[in-house]
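Trainee: sharing a model prediction with you, sequence too.
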Amino acid sequence: MTTSVELASSDAIDLAAAVMAGLGTPGDMAREIAEHLVDADLVGHGSHGISRLPSYARYVDDKQVVAGARPQVLTDTTSPTVSAEWGFSHVAARITTDLACEQARSGGLGLAGLVRSTHVGRLGAYIERAAAADCIAMAFVGGMGGSRLVAPFGGRSGLLSTNPIAAGFPTASGKPMVVDFSTAAAPIGKIMVAAMEGRRMPTESLVDAEGRPSDDPTLLERGGSMRTFGDHKGFGLAVLVELLGRVLLGPERFGDGGGPIFKRQGLLILTVAADSFRGLSDVLAEAEQLRDDIHAVSPAQGFQQVLAPGDPEQRARERSGDRIAISEGAWNAIQDAAARVGAADRIPQPVSLN
């Protein structure tokens, strides 16, 4: 059994902020990024949590990321474009989301894009932010990482990246219904964590160099590729994300500077004001009723309750008690990264080992 380490969320934020600052990220941005990472852990998405810190350090070492860069708005029009300037892109993605929401609140619809970006973190966090502003939102990341990680259905070599998509709808309770997933059979972060821990993947989410399905997470380092979920259906959705997040936005036009693996990446945020067609309270109430209707469906054998989109994250947050759990392997790698950037004194004592 893999040993896990529990940290107080406040300690985890302090550590992550110190590591990001040690890499050269401005202090205010380092703190916001740290809060984003720890929140991902709190909602049960450790693949986008502080276990990312060692890979972030490698991005800086390999000159894939300009750690000290601040985002800027390149065009302030009906379709604003934000640039992360090749820095860590969580803050830039938040700005992009806010611009799209401002448009939606004033005109019903909003549209904004992010270029010169690197890893943006958990997409669902930006969707939740939009929902808190009474906006329906959709996010598409095409060309992610600039790498050809995911094989098309029926193929044996990579063509696309993991091409995540997220969407959400506000509700009367303030707990939005949110979907957030990679169009690959598994998120790259979960494959990275499995490889780090020496575990196999729970499903055959990869293919080897001959196109044969496999659960070996190390194949990506040996000529293998990832698969799309749902076979041809997932591949079709992945192509749609590529068209919206890369082709429509055209991030390659801004591809000067930065590391080569992020040259083609773009994030497109689409927003709709929840009161575009009728009263806001009616829309939010009916959305909440739909969640209640989902919960009221009798569960199938092996399930305790039918869950609505967003429920697992909300329940994980409620269960967390302001503590996060990470694997011992990831914790060791985080401590090494902290020591390398001069943040060893910010490494906290774990609350517990399980």
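Mentor: Ah, there it is. Numbers count the residues shown, from 1 in each chain.
Trainee: contacting residues around stretch 275-293?
Mentor: Applying CB atoms under 8 Å, 6 or more residues apart in numbering, the contact partners of stretch 275-293 are 108-109, 134, 169-173, 177, 274, 308, 311. (Glycine included, C-beta is placed from N, CA and C.)
Trainee: now it: how far from the chain's centre is it?
Mentor: How far stretch 275-293 lies from its chain's middle: 27 Å, per CA atoms, centre = their mean, to the nearest Å.
Trainee: got the buried residues for it?
Mentor: 275, 283-284, 287-288, 291 (16 or more other CB atoms under 10 Å).
Trainee: so I136 sits in a strand?
Mentor: Yes: counting by DSSP: H, G, I helix; E, B strand; the rest coil, I136 is part of a strand.
Trainee: and the closest residue to it other than its chain neighbours, how close does it get to L220?
Mentor: Spatial nearest neighbour of I136, chain neighbours left out: V272 (4.3 Å); criterion: CB to CB, 6 or more residues apart in numbering. As judged by CB to CB, to the nearest Å, V272 and L220 stand 37 Å apart.
Trainee: please point out which parts of the helix or strand harbouring C101 sit buried.
Mentor: Per DSSP states H and E: C101 is located in helix 90-107. Using 16+ other CB under 10 Å as the test for burial, helix 90-107 gives 90-105.
Trainee: I'd say V341 and V19 touch.
Mentor: Yes: here V341 reaches V19: they are 5.8 Å apart, a contact under CB atoms under 8 Å.
Trainee: what's S157 in contact with, if anything?
Mentor: 148, 151, 209, 225.
Trainee: partner residues bridging the last one?
Mentor: Right, S225. The partner list for S225 in beta bridges (DSSP bridges) reads V207.
Trainee: neighbours of it, how many?
Mentor: Residues lying near S225 (other CB atoms under 10 Å) number 23.
Trainee: in the chain, which residue is closest to the centre?
Mentor: R122 (2.3 Å; CA atoms, centre = their mean).
Trainee: so for that one, what's the pLDDT?
Mentor: Note for R122: predicted pLDDT of 97.
Trainee: same thing with G189?
Mentor: For G189, the predicted pLDDT is 73.
Trainee: give me the element it is part of.
Mentor: With DSSP H and E as criterion, G189 is part of helix 188-197.
Trainee: that helix packs against which elements?
Mentor: When contacts are defined as 3 or more CB pairs under 8 Å, 6 or more residues apart in numbering; DSSP states H and E, helix 188-197 packs onto strand 323-327, helix 328-340.
Trainee: spatially nearest residue to S9 (excluding sequence neighbours)?
Mentor: D322 (4.6 Å).
Trainee: what's that neighbour in contact with, if anything?
Mentor: Taking CB under 8 Å, 6+ apart as the test, what D322 contacts is 8-10, 42.
Trainee: many thanks, I have nothing further to ask.
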